[in-house]
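> how would this look folded up:
(one chain, ligands or ions: 1)
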Amino acid sequence: MKAYINYTRIILLFVFLVILAGGIVRTTQSGMGCPDWPHCFGMYVPPLSEKGLPPDYKKYLDKQDIDAVYNPAHAWVEYINRLITGALGILIVIHVVWSFKKFFRTKQFICWLSCLFLLATLFEGWLGKLVVDTNLAVIKITLHMLAALFLAIIPILILHKLNTDKIVHDKTLYVLTTIALSILLLQIILGTDVREQVDAVSKSLNYQQRDTWLQHLNAVFNIHKVISFITSLLIIIIFWRSLSHAVLQPKAAFLFLIVLLLMAAGISLASFNIPAFIQPIHLLLSAILFVGLFAFRLNIKK
Ligand code: HEM
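Here you go, the predicted model:
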């Protein structure tokens with residue numbers, strides 16, 4: 001059982017790795033590094049220079065909006081992203097087989113959750129292909145983000161079903177956590193809207209004049225800032241309330257730490273003209289906070 005639980009945890013880490021890799025692809029503007037899918041310029045492995053490309057490779061460049069020539073750095077960042085996603089897919093297939101072998105007679109719902117995990121990953125992969133095919137249409141990017149969060153909560157549900165963690169009964173904490181989770185989801189949706197605006201303005205300025213990008217953001221950015229303080233306040237109250245439940249304390253402390261880091265990342269984005277390296281960190285921390293809060297909520301009952 002321990003090996004199965006650890007394996008499920010590793011897959012969860014992989015989901016976060018995929019989210020981080022996706023963020024890096026975006027900030028390095030590598031999304032179209034491989035304009036076709038599942039190939040990259042019609043090849044299984046992108047070459048290190050233009051010389052290794054097939055003779056008709058220019059037809060792929062027409063699909064791109066950033067590079068007018070073959071950019072090996074962009075191709076490789078996108079390619080590594082695909083490798084990590086592919087590895088996740090393989091890990092999940094093994095998970096499904098393992099779940100059926102281990103739990104089909106005793107805990108069938110684990111098998112179905114594992115199947116759902118596989119289906120959600122395939123859906124996420126298909127959505128990723130759609131994003132590439134439609135040249136990164138922004139609305140699909142938001143959908144992609146929400147699907148990634150959904151994906152990450154499936155292993156949490158599996159772990160919860162197998163876990164023997166003590167459930168805490170606290171109605172106030174239950175309500176607070178449910179409200180925090182809903183507001184956080186709204187905040188993430190608003191965040192992806194801000195990000196879509198950043199994408200649009202950065203593209204229109206040809207990824208130059210970074211110091212002017214923030215000026216082009218509309219009121220959603222201000223709402224995003226306000227809600228970030230409401231979310232943080234809720235997490236602080238949840239942390240304070242959890243101090244009376246020994247079993248919840250480490251998890252609440254973890255959420256507290258993540259929200260602090262997330263706020264620091266957000267404030268740095270707003271204060272230093274959206275530094276590229278902070279963008280994927282901000283994204284990753286929001287995903288960790290959401291999944292962490294979801295897992296925390298599962299341990300509380302009215
Ligand atoms: C609870 C706190 C917060 C959460 C959950 C959150 C969540 C998010 C999410 C999910 C995104 C989209 C990221 C992406 O798709 O790559 C985003 C973008 C953004 N957020 Fe936040 N955020 C928080 C706090 C803040 C704060 C305090 C600020 C600034 C004062 C901020 C500024 C931004 C900016 C500038 C973007 C666009 C970044 C980009 O284009 O990569 N956020 N946020």
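> Pull out the buried positions in the helix of greatest length in the chain.
Longest helix of the chain, by residue count under DSSP state H: helix 171-204. Across helix 171-204, burial judged by 16 or more other C-beta atoms under 10 Å covers 173, 176-177, 180-181, 184, 187-188, 190-199, 201-202. To be clear about C-beta, it is placed using only N, CA and C from the backbone, and glycine gets the same treatment.
> Those also near the ligand: which ones?
Intersecting these with the surroundings of the ligand, defined as C-beta under 6 Å from any ligand atom, gives 184, 187-188, 191-192, 194-195, 198.
> Would you convert these into CSV that also reports pLDDT?
Supplementary listing: those in CSV, determined by pLDDT from 0 to 100:
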residue, pLDDT
184, 98
187, 97
188, 95
191, 94
192, 90
194, 94
195, 91
198, 93
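> and which of these is nearest the ligand?
Taking C-beta to the nearest ligand atom as the measure, the ligand sits nearest to residue 191 out of these, at 2.3 Å.
> Now residue 169. Its backbone dihedrals?
Backbone torsions of residue 169, given as degrees, to the nearest 10, read phi -100, psi 110.
> That one against residue 248, yeah?
No - taking C-beta atoms under 8 Å as the contact criterion, residue 169 and residue 248 are not neighbours in contact, 11.5 Å apart.
> Mind checking which of these two has more residues around it?
Neighbours around residue 169 and residue 248, counted as other C-beta atoms under 10 Å, are more numerous at residue 248. The numbers are 24 against 10.
> Isn't the more buried one up against residue 299?
Yes - when contacts are counted by C-beta under 8 Å, residue 248 is listed as touching residue 299 (6.6 Å).
> Identify the residue of the stretch 201-302 of the chain closest to the ligand, quick one.
Among all residues of the stretch 201-302 of the chain, residue 266 sits closest to the ligand, at 2.3 Å; criterion: C-beta to the nearest ligand atom.
> give me the number of residues near that residue?
Residue 266 sits with 20 neighbouring residues when counted by other C-beta under 10 Å.
> gap between it and residue 24?
Note on residue 266: its distance to residue 24, by C-beta to C-beta, to the nearest Å, is 18 Å.
> just residue 119 next, same as before
The value you get for residue 119 to residue 24, if C-beta to C-beta is used, is 26 Å.
> Compare the two (neighbour count), which wins?
Ranked by neighbour count (other C-beta under 10 Å), residue 119 and residue 24 place residue 24 first, with 20 against 13.
> Where does residue 114 sit: helix, strand or coil?
Classification of residue 114 by DSSP: H, G, I helix; E, B strand; the rest coil places it in helix.
> what about the residue sitting furthest away from the middle of the chain, distance to the ligand?
For the chain, the C-alpha lying farthest from the average C-alpha position belongs to residue 55; by C-alpha atoms, centre = their mean, that distance is 36.6 Å. According to C-beta to the nearest ligand atom, to the nearest Å, residue 55 stands 37 Å off from the ligand.
> again with residue 79
Here the criterion is C-beta to the nearest ligand atom. By it, residue 79 lies 20 Å from the ligand.
> now the helix or strand containing that residue, how far from the chain's geometric center?
Secondary structure from DSSP states H and E places residue 79 in helix 72-103. Per C-alpha atoms, centre = their mean, to the nearest Å, the displacement of helix 72-103 from the mean C-alpha position of its chain is 15 Å.
> Now that helix: buried residues?
With burial defined by 16+ other C-beta under 10 Å, the residues of helix 72-103 counted as buried are 72, 74-79, 81-82, 84-85, 88-89, 91-92, 95-96, 98-99, 102-103.
> Same question for stretch 233-243.
234-235, 238-239, 241-242.
> Just the residues you listed: which are in strands?
Among the buried residues of stretch 233-243, the subset assigned to strands under DSSP state E is empty.
> And for the nearest residue to residue 47 once chain neighbours are set aside, the neighbour number?
The shortest distance from residue 47 to any residue that is not its chain neighbour, by C-beta to C-beta, 6 or more residues apart in numbering, is 6.0 Å, and that residue is residue 53. Other residues within reach of residue 53 by the criterion other C-beta under 10 Å amount to 19.
> my guess is residue 53 contacts residue 41, does it?
Yes - between residue 53 and residue 41 a contact is recorded at 5.5 Å, counting by C-beta under 8 Å.
> Now list whatever residues contact both of the two.
Among the neighbours of residue 53, those also in contact with residue 41 (C-beta atoms under 8 Å, 6 or more residues apart in numbering) are residue 70.
> returning to that earlier point: check which helix or strand the residue of the stretch 201-302 of the chain closest to the ligand maps to.
helix 249-271.
> ok, now which ones touch the nearest residue to residue 100 once chain neighbours are set aside?
In space, and not counting its chain neighbours, residue 100 is closest to residue 111: 5.1 Å by C-beta to C-beta, 6+ apart. Shown in contact with residue 111 (C-beta under 8 Å, 6+ apart): 96, 99-100, 103-104.
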